[in-house]
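[1] What would the 3D arrangement of this be:
(2 chains)
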Amino acid sequence: MNTASQIKPFVLRALKDLYNAEFTESELTITATRPEFEGDFTLVLFSFVKQLKKSPEHLGKEIGGYLQKMSPEFFKSYNVIKGFLNLTLSDSHWVIFLKENFSNKMFGIQSQTGNKVIVEYSSPNTNKPLHLGHLRNIFLGWSIAEILKAQGNEVIKTCVVNDRGIHICKSMVAWQLFANGATPETTKIKGDHFVGEYYVKFNDEHLRQQEELMKNGMGKEEAEKEAPIMKATQQMLLDWEAGKPEVMELWEKMNEWVYKGFNVTYKRIGADFDKMYYESNTYLLGKKFVEEGLKQGVFFRKDDGSVWIDLTAEGLDQKLVLRKDGTSVYMTQDLGLAEEKYQDYHYDQSIYVVGDEQNYHMKVLKLIMEKLGKPYADGIFHLSYGMVELPSGRMKSREGTVVDADDIINEMAAVAKQKTEDLGKVKDFSESELASLYDTIGLGALKFFLMRVDPKKKMVFNPEESVDFHGFTGPFVQYTYARIQSILRKEGNAADLKSVNTGNRSVLPLFNSEKQLIILLEQFPAIIQLAAEEHNPSVIAVYVFNLSRMFNTFYSELSVINAESEEKKQLRLQLCMMTSNIIASATSLLGIKVPERM
RNA sequence: GGUCUCGUAGUACAAUGGAUAGUACGCAAGUCUCCGGAACUUGAUAUCCCAGUUCGAUUCUGGGCGAGACUACCA
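    Coordinates of the predicted model:
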């Protein structure tokens, strides 16, 4: 239990004893005291004024005095400013907290609750490589999975691969036309990029043919459809659905190339999945839902044979769930997939990490499930995240402004290399140690940059800012960690520290920066909980940055190794150790590694 | 047109209805006989507009103005 919630029962008791008033804990507002005032925690008094008919100043003095009388060893002092009662706890409270927790690497991690959560993220297409938008998705999805694990949930990470459809056929047709049998192996190009090139070639050729037809007087829309390369693509889709062997073979071959490429990237960024779903397997699922829905009267059939759901009562539109020719649409498939996932795992909650452009789709999906009376409908949660934009605006593939995932990762690592060499602190590292360090720093910077913002909000990715390793960045946190390790290498031994009694008088009083650091350390479990509840990794990013900043302030003000007494030295070593444990723990929830040296 | 988001220093982001609106980059000025300067300290600069609810509004409500997403028998 954290300190703020330890205070609450005392306050409730005081209110009862002093005024015979009954309040609940949730009615109390206790916050960290703002730095410009004296105190550790602040009780907001305004909410009692009306009921108790006393001025806030009066209440503050009475409650403060009573608290101190009740537990003088806990409450050291208090002051009242306007409607705020600022409470200062005794330093020994903090010292004891530190002593009990400094060596616990699992601090803040909850034990298993038995709750089962499935997280779907990444979900790429197999016709082009991953880009910056995918990275936001992947980092968020992976991180939220880890955060939920830390809260005691059993988590299954899944990925739905969009491996079929007209867009895949485009790459396939272009490859047949232009590749001359070239492969990733013969060209030494990463598989996903290789296939992506043919997708681009398709679009170029399509545009060329289209313009030619328009020169001969054809309208734009018709020219788009009538271009020979588009005709060939549509034919290929039909052949695919018919299972024509040579088409299937090509399709499998090209997808394999892409998967090989994806796996290289996934491995490098540390993404992993417990279960892959492929649309080529799932796209026919969901049709039985249509039957079920029709029977229940949830869906209705139009004269042309297409099946719809009417959501106008919910303020939405009518939505198609099955085409008139009886084939599935996106929604049909998602209905089936939700059921499939439930059959596979019997989850309590199912999280979809999907961009906010699909808010409407996800809302409809959940609503349909509710109307069909599915028990798991409630557990469906859309973790909606905003688009990543560039300073120049949205990324547009047609204008070539899409930031490729592999490119940006390489660039970040290159900047890490450059800066590391400039500083020259790890000249004794081997080649492979250096390569690994550059990835740690480069990816740390990139992940932090993409996750430090509230997922719900769209964000701007400024390439220049992203390679700045100062301030509110991943490398700043990593640097703080490395610096602590340097101290601990010299002096820190957890077993020795435990045997020393830092609870005695010579460690007191605490300096402000010592206390502020402990107060922050103590918040970590509550921070994880908040991040989980809000499905928001940025809570962790902001916290670990503030913790690092606080440590650096402490570090510059007070000497650890040359402390004024042995006990102070032990206390500060404990602070170092706990800070570094929590930095490691927090960054690992973000998928960011921390280096021993950098 | 309809539905939904979002408007905070030059820029990018924070702030369960609480105190003098934080942080970073950039800008200006400092800190080192220092356990790692990828650090620390200080300064200047902001809540789109108008009402309302409240002891108290960046936050909630209504109305403007501005930006974006969605609104396919595409996925």
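[2] Show the backbone phi and psi for the residue located most distally from the centre of chain A.
    Using CA atoms, centre = their mean, the residue of chain A lying farthest from its centre is A:N216. It sits 52.1 Å away. Per-residue torsions, A:N216: phi -90, psi 10 (degrees, to the nearest 10).
[3] mind listing what it touches?
    Shown in contact with A:N216 (CB atoms under 8 Å, 6 or more residues apart in numbering): no residues. C-beta here means a position set from N, CA and C on the backbone, and glycine is covered the same way.
[4] Tell me how far it lies from A:A223.
    For A:N216, the distance to A:A223 under the criterion CB to CB, to the nearest Å works out to 9 Å.
[5] same deal with A:S92?
    A:S92 sits 81 Å away from A:A223, going by CB to CB.
[6] And A:Y376, by the same measure?
    Distance, A:Y376 to A:A223, using CB to CB: 46 Å.
[7] try A:C159
    Going from A:C159 to A:A223 by CB to CB gives 37 Å.
[8] next one: A:S103
    From A:S103 across to A:A223, the span is 71 Å (CB to CB).
[9] Pick out whichever of these two has more residues nearby.
    Counted by other CB atoms under 10 Å, A:S103 and A:A223 do not tie: A:A223 has more neighbours, with 20 against 16.
[10] What are the contacting residues of stretch A:488-495?
    With CB under 8 Å, 6+ apart as the test, stretch A:488-495 has contacts from A:102-103, A:560-561, A:569, A:573, A:576-577, A:580.
[11] Now, of those, which are buried?
    Buried members of these, scored by 16 or more other CB atoms under 10 Å, are A:102-103, A:560, A:569, A:573, A:576-577, A:580.
[12] which of these come close to RNA strand B?
    Contacts with RNA strand B within these, as defined by CB under 7 Å from any atom of the strand: A:V560.
[13] Can you tell me which of the buried ones among the contacts of stretch A:488-495 is nearest RNA strand B?
    Nearest to RNA strand B, judged by CB to the nearest atom of the strand, of the buried ones among the contacts of stretch A:488-495 is A:V560 at 3.3 Å.
[14] residues in contact with the closest one?
    Going by CB under 8 Å, 6+ apart, A:V560 touches A:487, A:491, A:569, A:572-573, A:576.
[15] and what of A:S55?
    By CB under 8 Å, 6+ apart, the contact list for A:S55 reads A:V49.
[16] closest point of chain A to RNA strand B, which residue?
    A:G471 (2.0 Å).
[17] host element of that residue?
    A:G471 belongs to no helix or strand when assigned by DSSP states H and E.
[18] count of neighbours near it?
    A:G471 has 10 neighbours, counted by other CB under 10 Å.
[19] now swap in A:E291 and tell me
    12.
[20] Ok, A:D334 next?
    Going by other CB under 10 Å, the residues that sit close to A:D334 add up to 23.
[21] can you check A:G65 too?
    Neighbours of A:G65 (other CB under 10 Å): 14.
[22] What mean pLDDT does stretch A:302-317 get?
    Average pLDDT, stretch A:302-317: 87.
[23] same question but for stretch A:129-141, I mixed them up
    96.
[24] now the helices: where do they sit in the stretch 101-250 of chain A?
    In the stretch 101-250 of chain A, the helices defined using DSSP state H, counting those that start in this stretch lie at A:132-150, A:166-178, A:184-187, A:191-215, A:220-226, A:228-242, A:245-269.
[25] Confidence-wise, which of these is weakest overall?
    What stands lowest among the helices of the stretch 101-250 of chain A, in mean pLDDT terms, is helix A:220-226, with a mean of 85.
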